[in-house]
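1. return a 3D structure for these sequence lines:
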Amino acid sequence: MRKSFLVGLIALLAAGVGGYFGFTLYVGYQARQQVDAFFLNLKAAGIEGSSGKVEFDAFDGRLDIDDLVFSVAGQGTLKIASFTAEGLSQTAPNRMSAKRIDFHGVSFAGPLPFSPGVEGRYDAPLIELTGVDGPTEVVASGPDPAQLVLALIEETTITKIAIPGATGSTRAGTGAYLVETDISHGAVTVETLDKGRIAALTLEPSSFRIAGAGTDAGAGRIGRVTASGVDLAGGLILLDPKRRPAETGYRTLYGMITVDGYEVSTDNGLHQSWKTMELRDIALKPSAVPVENLLATAQRVQLQVGRGEPAATDDTAELLRGVADIYDAMRLGSATLTGLETTQPDGSKAQLATMKVGALDAGVLSQITLEGFTGTDGPDKPASFERLTLGGLRPGAMMRMAADSVDDPDATGDIGFLMRGFGLLGRFELLNAKATMTKGKDPATIDKLQLAWTASEGALPTQFSATLRAAGPTDALDTGQPAAQVLPEGIARASIALDLGAQWNAGEQSVTVTPVYLEISDAFSLNAGAVFTDVDSSIFSDEPEGVTAAALAANLASLEVTLVDSGLYQQKLDEAAQQQGIPAETLRQLFAGFAELLLGQTVSERPELDPAVQALVAFLQKPMGTIALRVTPRGDALTVLTIMQALQDDPTSLIDEVEVEVIDTP
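-> Residues are numbered from 1 along each chain as shown. Got it, this is the predicted structure:
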């Protein structure tokens, strides 16, 4: 769409917390007539406009217009008490410039862009533009105001924009769900707006207050905000349905943003603050963002919530999928936040030294790391950790999985749904963590917890590893809990060590599970390893039926197990002997004799198994013993399906399917 006027640019872009608005204005040397023609052109584009007195001084190149009003049905109204342009000149046949342009008494009221259901107001006593150069003719892709503004700013240069101060407010919902905010913006300075890009932007500290029936009243402050490399046109392209599909590459919307502190407090006792925030390389692929669908869905949800109704299931799921598309369309270089402090109404407190967010690209967030956490659960249960890291996070996939659970809650227990969980994250690490348990004041500690796996989205991992080193007070466990049954009595603290690893060899079509190591202090330790062969690649597909079939068809090649008694066996013997009223030694020999009798009858026709039976009997006859066995198939193959059926129907039948030998241990 072509819009032609006889004078150059008078344009403003005013930005504030919670939203922004834009408008265009062209005037000519013939003043009133040209201003009237300008409003006629705007009306053809669906924008109603009017003005009061118009004065133009050709000798000084000065234009004054009072009482400007612009409105678009359903999109709000912009009012300007007075406008002054100085140093107007025509620099080229299709270009005009102004040394200075001042807007006095600027106010906007209406729905906020990208915030369906939210009404806003913005008031700026003064907006100053210096060094303005723009076209006398622009070609927009359509009549929408956002399309006109986009076409204008891509052809305009402004040396500086200054807004000494401004106020804003928002209102969303009704009745019990009403939420209102009031914002006092600090001074805004924009250095060099050139063809839709801002070289540098500064927003001085701002304050805000939140109130309304649906929220706890509160107030806060945002420190000085600085930004560089701002692609204003890239943001507006999102609102242009004609240009957006062609924007298939990433556009860096912000080269860098820094915030010198943020804090908020509510009247019910919540307080949160950050010392600094820094974000780098925030980019977006406009064509991948379903703007129209997302805005329409968000508006329906906002209206439902505002009426006190639960959001429709379909709308909630659609909104989650829209957010997923945004995550997948984003790219982030890094983000760093320092100095978190928070206090909850129940007295809980937390401090975090830093939060570092790594690169987000192609839907995968490299890592999020939290460092230096200390806090309390309630007023008197301290907790802390040195570092917590999440790696290989897929936020878009997480949102889609959440949307599917909203659509079909019953499907969350299906194996296919559970398999998708492996694709949401690739690594987890927690170091030097402490937390006070429910009973007593002796803390539980985690020296190290590491989990890592490699998996395609929706498939089982082809590699998995886990490490845990932890300790805690034994009185934190109830007697009836399974974990309490493997802990000896009489010790105040117990430690646990766990290592687990599994790896698929594509060339050999095998899976090796090693190490499998578990040790509980003063109780026992277990070492194990296994090899499975004939593992078809379909076990790592995203088809649950194929996964199950491949898993059951795999063969057990070998299994090695070493069990070391560290005192648990004697402890349990003593407990049982006391309950039965007989000596512990008698009970031990009774167990050993029963095992020898039972297994002896079972393997009477398999004399080669006798060493293994005797090793088990010897293990039961004395405390602090060790037993190490290797199990291999007796025939050519022993499938997982065969093992599972035997365990379900008759576990002793497995004796006929395997060879068992004793392993020498140091």
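2. which stretches of the stretch 351-500 of the chain form strands?
-> Secondary structure of the stretch 351-500 of the chain (DSSP state E, counting those that start in this stretch): strands at 360-361, 364-376, 382-393, 427-436, 443-454, 463-473, 493-505.
3. okay, buried residues for the third one please.
-> Spelled out, it's strand 382-393. 383-385, 387-393 (16 or more other CB atoms under 10 Å). All C-beta spots, glycine's among them, are computed from the backbone N, C-alpha and C.
4. what about the strands in the stretch 1-150 of the chain?
-> Taking DSSP E, counting those that start in this stretch to define them, one finds strands in the stretch 1-150 of the chain at 2-4, 9-16, 19-26, 48-50, 54-57, 62-72, 76-86, 89-92, 95-111, 118-135, 137-139.
5. turn the ones you listed into a markdown table, columns for mean pLDDT and distance to Thr170.
-> Output for the strands of the stretch 1-150 of the chain, formatted as a markdown table (pLDDT from 0 to 100; distance: least, CB to CB, whole Å):
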| stretch | mean pLDDT | distance to Thr170 |
| --- | --- | --- |
| strand 2-4 | 41 | 31 |
| strand 9-16 | 31 | 10 |
| strand 19-26 | 29 | 8 |
| strand 48-50 | 86 | 24 |
| strand 54-57 | 83 | 34 |
| strand 62-72 | 89 | 19 |
| strand 76-86 | 92 | 13 |
| strand 89-92 | 84 | 40 |
| strand 95-111 | 92 | 10 |
| strand 118-135 | 92 | 5 |
| strand 137-139 | 77 | 31 |
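6. what's the closest of these to Ala444?
-> Set against Ala444 and scored by CB to CB, the strands of the stretch 1-150 of the chain come closest in strand 118-135, at 44.7 Å.
7. please name the nearest non-neighbouring residue to the residue nearest to the spatial centre of the chain.
-> Most central in the chain under CA atoms, centre = their mean is Pro395, positioned 5.0 Å from the mean C-alpha point. The shortest distance from Pro395 to any non-neighbouring residue, by CB to CB, 6 or more residues apart in numbering, is to Tyr327 (4.4 Å).
8. list the beta-bridge partners for Ile446.
-> Ala433, Ala470 (DSSP bridges).
9. can I assume it is in contact with Ala470?
-> Yes - if you go by CB atoms under 8 Å, Ile446 and Ala470 touch, sitting 4.6 Å apart.
10. give the contact list for Gly421.
-> Listed by CB atoms under 8 Å, 6 or more residues apart in numbering, the contact set of Gly421 reads Met401.
11. one step back: from memory the residue nearest to Pro395 sits against Gly396, does it?
-> Yes - under the criterion of CB under 8 Å, Tyr327 makes contact with Gly396 at 3.9 Å.
12. more crowded one of the two?
-> Counting neighbours by other CB atoms under 10 Å for Tyr327 and for Gly396 shows that Gly396 has the greater number, 24 against 20.
13. please determine how far that one is located from Leu590.
-> 61 Å (CB to CB, to the nearest Å).
14. and Glu263, by the same measure?
-> In terms of CB to CB, Glu263 sits 69 Å off from Leu590.
15. what do you get for Pro290?
-> Distance from Pro290 to Leu590, by CB to CB: 72 Å.
16. Asn432 too?
-> Asn432 is 46 Å from Leu590, by CB to CB.
17. ditto for Val230
-> Distance, Val230 to Leu590, using CB to CB: 81 Å.
18. ok, now Leu460?
-> Using CB to CB, we find Leu460 at a distance of 45 Å from Leu590.
19. deepest of the strands of the stretch 351-500 of the chain, which one?
-> Compared across these, strand 360-361 shows the largest average neighbour count, a mean of 20 (mean count of other CB atoms under 10 Å).
20. show me the contact partners of it.
-> With CB under 8 Å, 6+ apart as the contact definition, strand 360-361 has outside contacts at 327, 330-332, 366, 395.
21. now swap in stretch 395-409 and tell me
-> So stretch 395-409 is contacted by 313-314, 316-318, 320-321, 323-328, 360, 363, 365, 411-412, 417, 420-421, 423-424, 457 (CB under 8 Å, 6+ apart).
22. can you redo the strands of the stretch 1-150 of the chain as JSON lines with mean neighbour count and distance to Asp240?
-> Shown next, in JSON lines, are the strands of the stretch 1-150 of the chain (neighbours: other CB atoms under 10 Å; distance: least, CB to CB, whole Å):
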{"stretch": "strand 2-4", "mean neighbour count": "14", "distance to Asp240": "15"}
{"stretch": "strand 9-16", "mean neighbour count": "24", "distance to Asp240": "16"}
{"stretch": "strand 19-26", "mean neighbour count": "23", "distance to Asp240": "13"}
{"stretch": "strand 48-50", "mean neighbour count": "15", "distance to Asp240": "21"}
{"stretch": "strand 54-57", "mean neighbour count": "16", "distance to Asp240": "31"}
{"stretch": "strand 62-72", "mean neighbour count": "18", "distance to Asp240": "15"}
{"stretch": "strand 76-86", "mean neighbour count": "19", "distance to Asp240": "19"}
{"stretch": "strand 89-92", "mean neighbour count": "12", "distance to Asp240": "27"}
{"stretch": "strand 95-111", "mean neighbour count": "19", "distance to Asp240": "18"}
{"stretch": "strand 118-135", "mean neighbour count": "20", "distance to Asp240": "18"}
{"stretch": "strand 137-139", "mean neighbour count": "16", "distance to Asp240": "13"}
